[in-house]
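[1] just need the structure, nothing else, for what follows:
(chains A, B, C and D)
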Number of protein chains: 2
Amino acid sequence: MKKTGKNIHSETICAVDYAFQRIGGKHKGRVIYHLRNGVRRYGELRRLLTGITAKMLTQVLRELEQDNLVTRHVYLEVPPRVEYQLTDTGRELLPFIILLSEWGRKQMGMETAVSC
Amino acid sequence: MKKTGKNIHSETICAVDYAFQRIGGKHKGRVIYHLRNGVRRYGELRRLLTGITAKMLTQVLRELEQDNLVTRHVYLEVPPRVEYQLTDTGRELLPFIILLSEWGRKQMGMETAVSC
DNA sequence: GAATGTAGATACCATTTGGATACTATTGCT
DNA sequence: AGCAATAGTATCCAAATGGTATCTACATTC
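    Numbers count the residues shown, from 1 in each chain, chains lettered A, B, ... in the order given. Okay, the predicted model is just below:
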């Protein structure tokens, strides 16, 4: 519970700002990118997104869920299973993320470039 | 002078991360957006980017300059005149920013939507 | 001589964000 | 009984980010 106040995009007026608030942040783009091919389990994402801590991954996923960019599906099993998937709205962002990653790859120089 | 260390994208390996480091942050997208039609003076940008302080605008512009996304042209006049412009690399980002702003506008609902 | 305008710089503070570490619950496996 | 696996929480701390207020230089204008 984050105090109170401007947690959800408050009164943004600028569409560019608005969009950046939804996909900005350190890891959001990368999470969306790794959901590009469909369903992923929590643990899978954690292994894919090297350098992210459990706390951050959870936090980012929750924000994306609240933002209606991913869905979270909990299976009542033990050990637990939770699957994440892009919503239609989230999928609409994919072209952008993918193009951006291509731009990034180009800028980095092909040697160092890694899909992710 | 920001301490020392990982100021310039350190050793990012992920192209998505890399791209977000270059255009992420609270105002970068919007600054790029407002440079979409060519040259802008510092003061113009400040008036266009409502809600940004002089400090932040300067900081963002300097980062974009270091990142080779904008050029800074100082005229030795009094009162001073400084003009900013996108580089070719920066211009390559425009399609994405514009698409993103369209996505944002769509998401916001047309009523509230404002170009910027 | 004082005020105005431009494009900042600088110091200081508050908030936000991110990270390290340890901990939980439950079942199956050995 | 003890351990592994999954999907997290909780707590505390460090760093990054953003904001406020004040200051500068210099020519022009009042």
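[2] what backbone torsions are found at residue A:27?
    Here is the backbone geometry of residue A:27 (degrees, to the nearest 10): phi -120, psi -10.
[3] which residue is the nearest non-sequential neighbour of it?
    Computed as C-beta to C-beta, 6 or more residues apart in numbering or on different chains, the closest residue to residue A:27 that is not its neighbour in sequence is residue A:60, at 5.0 Å. For every residue, glycine as well, the C-beta is placed using N, CA and C.
[4] so how far does stretch A:80-98 reach from one end to the other?
    With C-alpha to C-alpha, to the nearest Å as the measure, stretch A:80-98 spans 31 Å from end to end.
[5] now stretch A:62-74
    Start to finish, the residues bounding stretch A:62-74 are 13 Å apart (C-alpha to C-alpha).
[6] shaky segments in chain A?
    Of all residues in chain A, those with pLDDT under 70 make up the ranges A:1-12, A:110-116.
[7] quick one, what contacts the residue lying closest to residue A:81 once chain neighbours are set aside?
    Sequence neighbours aside, residue A:75 is the residue nearest to residue A:81 in space, at 4.2 Å (criterion: C-beta to C-beta, 6+ apart). The neighbours of residue A:75, taking C-beta atoms under 8 Å, 6 or more residues apart in numbering or on different chains as the test, are A:81, A:82, A:83.
[8] next, give phi and psi for the residue nearest to residue A:27.
    Per degrees, to the nearest 10, the backbone of residue A:60 is at phi -60, psi -40.
[9] can you give me the helices for chain A?
    Along chain A, the stretches classed as helices by DSSP state H are A:15-23, A:28-34, A:42-48, A:54-66, A:88-108.
[10] next one: the second one to chain centre, how far?
    Right, helix A:28-34. Computed by C-alpha atoms, centre = their mean, to the nearest Å, the chain-centroid distance of helix A:28-34 equals 4 Å.
[11] hmm, it in reach of chain B?
    Yes: contact of helix A:28-34 with chain B is found when judged by C-beta under 8 Å from any C-beta of the partner chain, involving A:29, A:30, A:33.
[12] ends of stretch A:46-54, how far apart?
    Chord length of stretch A:46-54, first to last residue, is 7 Å (C-alpha to C-alpha).
[13] what residues of that stretch count as buried?
    For stretch A:46-54, burial by neighbour count (16 or more other C-beta atoms under 10 Å in any protein chain shown) applies to A:49, A:52.
[14] what sits up against that stretch?
    Residues from elsewhere that reach stretch A:46-54 (C-beta under 8 Å, 6+ apart): A:27, A:30, A:31, A:34, A:40, A:57, A:60, A:116.
[15] which of the residues you listed count as buried?
    Neighbour counting over the contacts of stretch A:46-54 (16+ other C-beta under 10 Å) leaves A:27, A:30, A:31, A:34, A:40, A:57, A:60 as the buried ones.
[16] would a markdown table of the residues you listed with distance to residue B:22 be doable?
    Formatted as a markdown table, the entries for the buried ones among the contacts of stretch A:46-54 read as follows, by distance: C-beta to C-beta, whole Å:
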| residue | distance to residue B:22 |
| --- | --- |
| A:27 | 16 |
| A:30 | 14 |
| A:31 | 18 |
| A:34 | 20 |
| A:40 | 26 |
| A:57 | 23 |
| A:60 | 20 |
